[in-house]
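Q: Below: sequence and its predicted model.
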Amino acid sequence: MKKALLIVTLVFASVSLLAAQAIDEQPASEEAGYQVFVDDLGREVTLPSDITRIAPSGSNAQVIVFQIAPEKLVGLSTALGDAEKTVYPEFTHSLPVFGTLYGKKANLNRETLILASPQVVIDVGDIKGSVEDMARELDQVSADVGVPVIFIEANMRNYPEVFRRLGALLGYAERGEQLASYYEGAVKEIEASKSGTAPKVYITSSNDGLYAIIGGKSHAECAEMAGAEVVVTSKLVQTNGNVSLETLYQLDPQYIFAYTEEGYKTITTAPEWALLEAVQKGRVYLVPDMPHGFIDQPVCSNRIVGLYYLASVFYPEAGIDLAARTKEFYSLFYRADLTDEQIQAILNR
């Protein structure tokens, strides 16, 4: 009896020791309700396990976080205009505006961000400069505001991975999978629609029509994924996107896309533009931009519907119902059920 009791005691002690050892081996962050996230700069950032309050670093992050977990945004990088408010839900209309961390118009208001008490600042997009420099900059921002900052590299070729990764991080894995699967289906449909040689495209963001979007850059990514050749390259414009009409005469694009109404008006009515094939054949388009640009401005996931828009222009024989696709996209990605009239207004029809 004593021997049996001794064995039971030893077994119990061994199990207790193993359990205690297992607890000791757990990361301290997990015990305290935290997780370690390795971002795309290789930084190990400690975050809450349950993230409920997010600040976006810029428009790209704002859009993609909104599309996954809108109620977790504690502020916006850019204020919403009246037209955008018809798509974004009412609770977002009164959110504070922090400004933007990067870009030509970088204007992050650190005080406003701190007052909003986010648990994390999420930066999404391209790596700016070197990995080392960007990592140091984000570490400094984090130190300044007392909030962890993470970076996730995002472009039109890895959106599925981004949706799934952010969905899992924010506790919305199913939502992330839904958006990722939709995009993968869209890419397959666009690929199947392509026919003939790559259409030659000129894209401009200025009112005079002479500031070009440059091929091979992130701003041209949507057009290139839709199968286009963006005719203005970095070889033609060394320092910026300014081009001359003489250069455009030589390039003679088949399609022209303008981001501004003034630019569209200039291209379609000024006599000096009438020599271009795109103008002569009525292939000049004012790019939809509500709530965000379909091709660019910003380089965000709204460009997914932009693929359908461009494919409907380039490959009419494919029979893409752009209005139906646009309505479907806004319903899924923005949870906005728009009328047919609203869709037609968005498409500039």
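A: Everything's here; your move.
Q: now the most centrally placed residue in the chain, nearest residue through space, not along the chain?
A: In the chain, the residue lying closest to the centroid (CA atoms, centre = their mean) is Cys300, at 2.8 Å. Take Cys300 and drop its neighbours on the chain: the residue closest to it by CB to CB, 6 or more residues apart in numbering is Val63, 4.1 Å away. Where you see a C-beta, it was placed from the backbone N, CA and C, and this is true even at glycine.
Q: if I pick the one you found, what's in contact with it?
A: Counting by CB atoms under 8 Å, 6 or more residues apart in numbering, Val63 makes contact with 292, 298, 300-302.
Q: Helices of this protein, start to end?
A: Along the chain, the segments classed as helices by DSSP state H run 2-25, 28-31, 59-68, 110-115, 131-145, 159-169, 173-193, 221-225, 245-251, 261-269, 277-280, 303-314, 322-333, 340-346.
Q: circling back to that earlier point, save the contacts of Val63 as JSON lines, and put in pLDDT too.
A: As requested, these are arranged in JSON lines below (pLDDT from 0 to 100):
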{"residue": "His292", "pLDDT": "95"}
{"residue": "Pro298", "pLDDT": "91"}
{"residue": "Cys300", "pLDDT": "95"}
{"residue": "Ser301", "pLDDT": "96"}
{"residue": "Asn302", "pLDDT": "96"}
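Q: Closest to Thr100 out of those residues?
A: Nearest to Thr100 among the contacts of Val63: Pro298, at 9.4 Å, using CB to CB.
Q: Now for the contacts of Val63: which two are most distant?
A: The most widely separated members of the contacts of Val63, counting by CB to CB, are Pro298 and Ser301 (9.8 Å).
Q: returning to what we had before: would you single out the least confident of the helices of the chain?
A: Lowest mean pLDDT within the helices of the chain: helix 2-25, at a mean of 39.
Q: Next, count neighbours for Gln140.
A: Counted by other CB atoms under 10 Å, the residues lying close to Gln140 total 11.
Q: Please read the previous query as pertaining to Asp40.
A: Using other CB under 10 Å, Asp40 has 18 neighbouring residues.
Q: what residues are up against it?
A: 127, 151-153.
Q: Now it: phi and psi?
A: phi -80, psi 10 (degrees, to the nearest 10).
Q: re earlier: now that we have the helices of the chain, can you turn them into a markdown table and tack on distance to Thr204?
A: Converted to a markdown table, the helices of the chain look like this (distance: least, CB to CB, whole Å):
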| stretch | distance to Thr204 |
| --- | --- |
| helix 2-25 | 59 |
| helix 28-31 | 49 |
| helix 59-68 | 20 |
| helix 110-115 | 34 |
| helix 131-145 | 30 |
| helix 159-169 | 26 |
| helix 173-193 | 23 |
| helix 221-225 | 12 |
| helix 245-251 | 10 |
| helix 261-269 | 6 |
| helix 277-280 | 11 |
| helix 303-314 | 15 |
| helix 322-333 | 22 |
| helix 340-346 | 21 |
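Q: Would you tell me which of the ones you listed gets closest to Val232?
A: The minimum distance between Val232 and the helices of the chain falls on helix 245-251, with 7.1 Å, by CB to CB.
Q: starting at the chain centroid, how far to the closest one?
A: Distance of helix 245-251 from the chain centroid (CA atoms, centre = their mean, to the nearest Å) equals 32 Å.
Q: And stretch 90-101, by the same measure?
A: For stretch 90-101, the distance to the chain centre is 17 Å (CA atoms, centre = their mean).
Q: send the alpha carbons of that stretch over as CSV?
A: Taking C-alpha atoms only, stretch 90-101 is exported to CSV below (Å, rounded to 0.1, in the frame of the first residue of the first chain):
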residue,chain,number,x,y,z
GLU,A,90,-22.1,57.1,-40.8
PHE,A,91,-19.9,56.2,-37.8
THR,A,92,-16.8,57.0,-39.9
HIS,A,93,-17.9,60.5,-40.8
SER,A,94,-17.0,61.9,-37.3
LEU,A,95,-13.7,60.0,-36.8
PRO,A,96,-10.7,62.2,-36.2
VAL,A,97,-8.2,62.7,-39.0
PHE,A,98,-4.6,61.9,-38.3
GLY,A,99,-3.0,62.8,-41.6
THR,A,100,-0.5,60.7,-43.6
LEU,A,101,2.8,59.3,-42.4
